[in-house]
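In: whatever this is, show me its structure:
(one chain, ligands or ions: 1)
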Amino acid sequence: MRRAQCEESVEESVQQQTDGTHSTKLISWVESANSDHTDFPIQNLPYGSFRRRGAKQAEGAAIGVAIGECVLDVGSLATAGLLSGLSAATERAARLPVLNRLAALSKSERVALRARISRLLSDAGERAVVEPHLHPMEEVEMLLPFEVGDYTDFYASIEHATNVGSLFRPDNPLLPNYRWVPIGYHGRASSVIVSGTDVRRPLGQRKAPDAEAPSFGPCRMLDYELEVGCWIAGANPLGEPTPIAEAEDRIFGLSLVNDWSARDIQAWEYQPLGPFLAKSFATTTSPWVVTAEALAPFRCAMRQRGEDEPEPLEYLSHADGARPAFDIELEVLISSRAMREAGGDPVRLSATNFRHMYWSFGQMIAHHSSNGCDLRPGDLLASGTVSGESRDQFGALLEITRRGAEPIELPGGETRAMLEDGDEITLRGRCRREGVRSIGFGSARGTVLPARA
Ligand code: MN
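Out: Residues are numbered from 1 along each chain as shown. Prediction:
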């Protein structure tokens, strides 16, 4: 049903929302970009921040675009005059080490920059001047793409909310506000880290249900959360909400987010004000931000609300025919230390699709700013754990193992109720549609280190 709805609108949406940069006929002179398997064909062109490995500190970071197995240095492209003719603000933004100023540009400026990069990487006549600005991916180190302003984490999967609710309130899993208001909390921006950064098991206060008093020590129930992050473009002044009709233009791009969670700390601290130290020790993002422009062919209608469900209030209602959802296949993989030592590959914990979300990023942006709160370029809104309907589609161990009660088995016979030290979690995302070039997100990866003594 949901799937059919998505398919129906493919041709129309592809025509409405795409331009020459999405054409399946477009190929790059960077040959690795033309492989069917790459996440980064010329139709994608995601932005990130990188440094050449072993480069002198003075050389610093630059904005890059992923193309096949290479990174295009957008900063040096600008310095070489290859972005001339674009706005002065675009050329300035391109020379900075992080994406915040790019995200402050207007939609038309962002579209023009994408078109220029697409042409430079496809036109064989440009190869000689552009090739010196390319670096093999294995020779660069990826950095955090933004100087993260504010970070807000939502709770937009009704399956996740229902699963988690059922662990605590079997008779009444979903609270009455859920279908009316996009639930979220203010997260911590300083501990957002880029993929590949290790995650130290946090210390904290936790209390077992049968214990008389809480104790302080290493988290015993460390978990991951499969999420999608939305990086904010443009700014609304304090006191001036972004209406839902304009909310789509506030999406600079999306990345994969792992909202690492300490379930035992969370259970003890969350009432009455919500998550705090159970979440703020680390949040991993993938290094590449896939732009709203690249994702245009993968937009689709939202899931249909049932007859017993309320329609969203007007300020959260998308226009008829809008396609606020994103068709993104997501998966989570685990590799334990023992699995790596045995030379085994990571195994999949779950796979789901982002199009099932109950609330769209457009609704989250309209809601977040509805009280006048100012969202700024480089703010991060995360979706909340993305879960589907069945156990193999759940986006956290909390749900998969029912809070540890039903452990899963790994190759080699190990079991997991929650994460152990040495476990590596990898998130992946890929967009696929008939008649459209597939694009991917790369990965968001992190390995659990033991708690500090
Ligand atoms: Mn979360």
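In: now whichever residue of the chain sits closest to the ion, nearest residue through space, not along the chain?
Out: At 3.5 Å from the ion, residue 259 is the closest residue in the chain, using C-beta to the ion. Backbone N, C-alpha and C define where each C-beta goes, glycine included. Nearest non-adjacent residue to residue 259, counting by C-beta to C-beta, 6 or more residues apart in numbering: residue 225, 4.0 Å away.
In: quick revisit: what is the neighbour count of the residue of the chain closest to the ion?
Out: Using other C-beta atoms under 10 Å, residue 259 has 25 neighbouring residues.
In: wait, it touches residue 154, no?
Out: No - at 10.3 Å, residue 259 does not count as touching residue 154 under the criterion of C-beta atoms under 8 Å.
In: before we move on, the earlier item: and the residue of the chain closest to the ion, how close does it get to residue 184?
Out: 12 Å (C-beta to C-beta, to the nearest Å).
In: who touches both of the two?
Out: Common contact partners of residue 259 and residue 184 (C-beta atoms under 8 Å, 6 or more residues apart in numbering): residue 153.
In: who are the contact partners of residue 241?
Out: Going by C-beta under 8 Å, 6+ apart, residue 241 touches 315, 366, 369, 370, 371, 372.
In: what score does it have for pLDDT?
Out: Here the pLDDT value assigned to residue 241 is 98.
In: for the remainder of this discussion, apply numbering that starts at 26.
Out: In the new count, where the first residue is 26, that last one comes out as residue 266.
In: for residue 166, which three-state class applies?
Out: strand (DSSP: H, G, I helix; E, B strand; the rest coil).
In: so what's the residue count around it?
Out: Look at residue 166: counted by other C-beta under 10 Å, it has 15 neighbours.
In: beta partners of it?
Out: Judged by DSSP bridges, the bridge partners of residue 166 are residue 76.
In: would you confirm that it contacts residue 78?
Out: Yes - the criterion here is C-beta under 8 Å, and residue 166 meets it with residue 78 at 5.4 Å.
In: where do the contact lists of residue 284 and residue 179 overlap?
Out: What both residue 284 and residue 179 touch, as defined by C-beta under 8 Å, 6+ apart, is the set residue 407.
In: before we move on, back to that, quick one: contacts for the residue nearest to residue 284?
Out: Residue 250 touches 283, 284, 285, 286, 409, 410, 420, 421, counting by C-beta under 8 Å, 6+ apart.
In: which of the residues you listed sit farthest apart?
Out: 285 and 409 (14.0 Å; C-beta to C-beta).
In: higher neighbour count, these two?
Out: Comparing residue 285 with residue 409 by other C-beta under 10 Å, the one with more neighbours is residue 409, at 29 against 26.
In: report pLDDT for that one.
Out: With respect to pLDDT, residue 409 has a value of 98.
In: SS state for it?
Out: Look at residue 409: counting by three-state DSSP, its state is coil.
In: next one: the residue nearest to it when sequence neighbours are not counted from residue 345, what distance?
Out: Nearest residue to residue 409 in three dimensions, chain neighbours excluded: residue 180, at 4.1 Å (C-beta to C-beta, 6+ apart). Residue 180 is 26 Å from residue 345, where distance means C-beta to C-beta.
In: do residue 407 as well
Out: Distance, residue 407 to residue 345, using C-beta to C-beta: 28 Å.
In: the stretch 276-425 of the chain: strands as residue ranges?
Out: Under the criterion DSSP state E, counting those that start in this stretch, the stretch 276-425 of the chain carries strands at the ranges 276-283, 286-287, 308-310, 315-316, 324-325, 350-351, 354-360, 372-378, 405-407.
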